[in-house]
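Model the following, please.
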Amino acid sequence: MSKKILTFILCFYVILNAGTTGKISGKITDAQTGKPLVGVNVIVLNTYLGAATDKNGNFTIINVPPGVYSVKATMIGYTPKVVTDVRVKIDLTTKVDISMERTVLEAKEVVEVVATRPAVQKDLTSSEFRVSANQIQSMPVSEMYELLQIQGGVTLDAGGGIHIRGGRASEVAYWVDGVPVTDVYDNSQAVVVENSAIQELQVISGTFNAEYGNAMSGIVNIVTKEGYSHYTGSISAYMGDHISKSQNLFPGIEEVRPQDERDIQANLGGPLPIIKKFGNFFANIRYNYTDGWLYGKSYFNIYGDTLDNVEYVPMNWRKKLTSNFKLVLTPFHNLKLRVNYLYSREKWEDFDHGLQYVPSGNIEKNNSANNITFSITHTLSSKTFYDLKLSSSYRHFWMWLFEDPNDPRYIDPYYWEHQRRVNPDFWFTDHAINTYRFWRKTNSRVVKFDMTSQVTNVHLVKFGIEGKLHRLELDGYSIIDDPTVRDTVFTPYIPSKEETYRTYYLERPREFSAYIQDKIEFRSVILNIGVRYDYFDANSKIPADPTEPNIYNPRNPDLDSMSLEEREKIWWKNTKPKSQISPRFGISYPITDKGVIHFSFGHFFQIPQFELLYVNPGYKIPETSGTFGIYRNPDLNPQKTVMYEIGLRQEVFRGITVDITGYYRDVRDWVSTGVPIEMGGGTSYVIYANKDYSNVRGIVLSVDKSYSDYWWFNLNYTYQVAEGSNSDPWDEFNAIQANREPRRYIVPLNWDQTHTLNGTIFFGTDRQGVSLIGRFGSGYPYTPTITVASRMGKNVSTQLETNSRRKPMTYEFDLKLFRKFSLNKVNITFFINIYNLFDTKNELNVWSNTGRANKNLDEPTEWEKENLYASPYRINTIHQYFIHQEWYSEPRKVHIGVNLNF
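Predicted coordinates for the structure are as follows:
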């Protein structure tokens, strides 16, 4: 593709459409003769959507947003019929077959029936999970990630990362209302969507269709709520705290303070004032604050001065404000305009074990993000429509101790004394002036076009093209002592962007993709066939000579004598664009009217997260000997996965469905660390490279009971083996630094959890009920070490096979109780949510020499005992240091609240 063509495309950059709507289809027959009826008008009530039956009595209504509807069929000579409780799901077909009674006179009454929902969705060709707004409201969950972690094949690592079917946390893509909201810097979710704003959440863990791209493990697809034809709204608030018997492990939580956990949210939706027939709106806002459960004690200030007023200080608190606003306009019956705005602002601190006695030295982290999307849906006919969307996402993250880099509080009056002090192992610090400062900004602009057409009763064809332009800017540095001033006073100095102590870059990568897909629905078999093309241009440069990478400090005297401007002309070469064609195939074969066999296969392509492409620009490698890194490689190849899946879904009893699915994933070109590049003089450096490999295989067994007789439940068990050469891209570099040979075989990955069992159960009605979530998991792997004392009194640590032992198993239960009262047109609901009901102390991290979080065999040497532990600077015992409260799961937490709906 020529540069001119690419530039033209990127100017109008368009992206494929993630599913945001479903389809209703069926057959209408004469109740007496069973013959098909031609020309029956079928409409979805309270919408502009409808169709007429063909000569075979078949009808199809596409572009139906997810939700519950009533479908009405009318024809002269027949009694009108309304089918209620018709549930439409994203990307799936809802079958509604209607038989109509003849009438001699004009019908004055309408026959109403309730739709029978099939227990087995026959057109589902791969594994997925869906949860509706009503289900979310009845469950003990307050954040979206809590919905994800109870799904089969999903594991949650100690740091909170979501892993779907054994992939890295960066392999999941997030979509909201058909546009990506993935932060391309680290592939996390850029902007928060609250549970109260979700109409339907779809999690695709199987081989997703060709319309989805730049993901290898799974897709999280969210459709937000729209306003109804009447005004609705709610106000909800809760307060709470941690109520636990583990005060010795979590000091500071002894006293129950309800204000430590506080939350208030509100939403309002309905028709637009004055022009009610032509549009609606929905708005949601939430403020949330938590004190956390990890506390420090303010014995010292950041300069090491002892404080008189010693108190507990929260060290993993979080505060956030989120909102979203959706405006829908329908100026014509076949034209729908939407504006959707998402916003989130967060502040928090991450617990630092070494700063427990100087909590004021902990760095505050901040995140501000927004997304605005303009979309047009134009229905060309009852069987064809297209979507055009323009979107812009922005995320700004920053962290520092003080906002102003010239803040005089950065000056440590005891700087040189602190520099000379020896801090042995097992000590907390008594001073903490963290001079590191960091910020980054990510902006992704998107326009997308997607067309869907029910070409025949059998073929639903979708196609689209994609292009994105990104802008990444990052700046990170530490304020250091001015190297040009030689005195005993700390003189703050901010390094320039060219110096080794600072990292700055501004990059503008771009993407393009296209796909076509056909959903073929025969009575005996359903096929999903598609193909996808992906193109990526890092739009960056790499050193022309890898042995001479540092443009600011060349080793070659001839190059060093040139000016920086002169070196710029010869120093770099452009990165090469990357592309791939990825076929996707899925089949669902009904074996009975209540069971199907499904199989799917696909190739998947994902660009490495941009933080690996662009880290450490300028290759500012020190002149000293050693191996340094890890440095950028914007010429990385995309990561690739081939995924297979086969499964059986069967209704075994009325309303009870069993699903057993086996899967296999083969992952190539995972990002790792390359072989050290020699520069001469004993100096070498490493860059990121595509050299890691992984394979994952597993079986998921799930049992679902739909709501009936006042209860429903879901139970899923996963057996999974996730292995690879390295868990993280920097593992190989750590091995190089430790003089270990690169790994040439596969080992269990850090998030490999062999057995998981999740269950959700609900008893009650919409007015009162109780729900319980339970999670069980076998232990994650860890790398054991054996510590022995030598004759010299020093410890020698011997590392055994990587991830060859297992941490203890984990389990946890969450409970929700609610009761609704009605007062005129207002429904008042009181609720109690209890998280970690039994106050379980799950060990998320462990000491490598024992495999437990509460026991460590390490001891100080005899020299340390004699010379350092008698020091007047010592402020804690060894036992106190060994207690890592952050290595345990969150203790029991209780929220009590009220919700007003009108």
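
Which neighbouring residues are in contact with residue 603, exactly?
Going by Cβ atoms under 8 Å, 6 or more residues apart in numbering, residue 603 touches 580, 582-584, 640-642. C-beta coordinates here come from the backbone N, C-alpha and C atoms, glycine included.

mind running it again at 6 Å?
582-583, 642 (Cβ atoms under 6 Å, 6 or more residues apart in numbering).

pLDDT value on it, please?
For residue 603, the pLDDT comes out at 96.

same question, residue 159
What the model reports as pLDDT for residue 159 is 84.

Any idea how many residues pack against it?
11 (other Cβ atoms under 10 Å).

Equivalent analysis for residue 489, please.
The local packing of residue 489 (other Cβ under 10 Å) involves 12 other residues.

okay, it: pLDDT?
The model reports residue 489 with a pLDDT of 74.

In three-state terms, label it for me.
With DSSP: H, G, I helix; E, B strand; the rest coil as the basis, residue 489 sits in coil.

From residue 681, how far off is it?
Counting by Cβ to Cβ, to the nearest Å, the gap from residue 489 to residue 681 is 35 Å.

Just checking: what are the partner strands of whichever helix or strand residue 236 is part of?
Assigned by DSSP states H and E, residue 236 belongs to strand 232-242. Strand pairing for strand 232-242, using DSSP bridges, gives strand 261-271 (antiparallel), strand 893-901 (antiparallel).

Mind listing what's buried along it?
Within strand 232-242, the residues that qualify as buried by neighbour count (16 or more other Cβ atoms under 10 Å) are 233-234, 236, 238-242.

Over to stretch 587-599?
Buried residues in stretch 587-599, counting neighbours by 16+ other Cβ under 10 Å, are found at 587-588, 590, 594-596, 598-599.

quick check, distance from that stretch to the centre of its chain.
Put simply, stretch 587-599 sits 31 Å off its chain's centre (Cα atoms, centre = their mean, to the nearest Å).

tell me the contacts of the closest residue to residue 707 other than its chain neighbours?
Closest residue in space to residue 707, ignoring its immediate chain neighbours: residue 762 at 7.7 Å, by Cβ to Cβ, 6 or more residues apart in numbering. Each residue near residue 762 by Cβ under 6 Å, 6+ apart is listed here: 138, 712, 771.

avg pLDDT for the host helix or strand of residue 28?
Using DSSP H and E, residue 28 maps to strand 22-30. The average pLDDT for strand 22-30 rounds to 89.

And for stretch 102-122?
Averaging pLDDT along stretch 102-122 yields 66.

Quick check: end-to-end length of that stretch?
Start and end residues of stretch 102-122 are separated by 32 Å (Cα to Cα, to the nearest Å).

what sits against the spatially closest residue to residue 49 that is not a sequence neighbour?
Using Cβ to Cβ, 6+ apart and skipping residues adjacent in sequence, the residue nearest residue 49 is residue 61, 5.4 Å away. Listed by Cβ under 6 Å, 6+ apart, the contact set of residue 61 reads 24, 49, 51.

which ones are touching the last one?
For residue 51, the residues meeting the contact criterion (Cβ under 6 Å, 6+ apart) are 42, 59, 61, 382.

Which one of those residues is nearest to residue 366?
residue 61 (46.3 Å; Cβ to Cβ).

Out of the buried residues of stretch 587-599, which sit inside strands?
Counting by DSSP state E, the buried residues of stretch 587-599 place 587-588, 590, 595-596, 598-599 in strands.

Would you state the strands of the stretch 751-900 of the chain in chain order?
Along the stretch 751-900 of the chain, counting by DSSP state E, counting those that start in this stretch, strands occupy 755-764, 768-777, 781-782, 785-789, 795-799, 805-806, 810-823, 826-835, 893-901.

per-stretch mean pLDDT over the ones you listed, give me the minimum one.
Mean pLDDT per stretch puts strand 795-799 lowest among the strands of the stretch 751-900 of the chain, at a mean of 58.

circling back to that earlier point, neighbouring contacts of the very next helix or strand once past the strand holding residue 28?
The helix or strand immediately downstream of strand 22-30 is strand 41-44, counting by DSSP H and E. Outside strand 41-44, the residues that touch it by Cβ under 6 Å, 6+ apart are 50-52, 59, 69, 71-74.

Strand 41-44 - which strands sit beside it in the sheet, and in what orientation?
strand 50-52 (antiparallel), strand 67-75 (antiparallel).

Tabulate those (TSV), appending distance to residue 335 and mean pLDDT.
Formatted as TSV, those follow (distance: least, Cβ to Cβ, whole Å; pLDDT from 0 to 100):
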stretch	distance to residue 335	mean pLDDT
strand 50-52	15	87
strand 67-75	20	87
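
now for those, which one comes closest to residue 171?
Between those, strand 67-75 lies closest to residue 171; by Cβ to Cβ that is 30.2 Å.

what's the following helix or strand after the closest one?
Next along from strand 67-75, by DSSP H and E: strand 78-88.

starting at the chain centroid, how far to that following strand?
From the chain centre to the centre of strand 78-88 is a distance of 38 Å (Cα atoms, centre = their mean).

packing partners for that strand?
Identification of packing neighbours for strand 78-88 by 3 or more Cβ pairs under 6 Å, 6 or more residues apart in numbering; DSSP states H and E yields strand 67-75, strand 98-100, strand 111-114.

what does the strand holding residue 28 contact?
With Cβ under 6 Å, 6+ apart as the test, strand 22-30 has contacts from 36-37, 40, 53, 57-58, 60-62, 64, 73, 88-90, 92-99.

now swap in stretch 675-695 and tell me
Taking Cβ under 6 Å, 6+ apart as the rule, stretch 675-695 contacts 546-547, 612, 621, 625, 627-631, 633, 636-637, 666-667, 669-674, 724-726, 733.

contacting residues around stretch 368-387?
Contacts made with stretch 368-387 from outside it, assessed by Cβ under 6 Å, 6+ apart, are listed as 17, 51, 63, 179, 181, 190-191, 334-345, 388-396, 450-454.

element containing residue 174?
According to DSSP H and E, residue 174 maps onto strand 172-176.

show me where the stretch 101-250 of the chain has helices.
With DSSP state H, counting those that start in this stretch as the definition, the stretch 101-250 of the chain shows helices at residue ranges 133-138, 144-148.

Mean neighbour count and mean pLDDT added to those, as CSV?
Listed next are the helices of the stretch 101-250 of the chain as CSV, based on neighbours: other Cβ atoms under 10 Å; pLDDT from 0 to 100:
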stretch, mean neighbour count, mean pLDDT
helix 133-138, 18, 90
helix 144-148, 19, 90
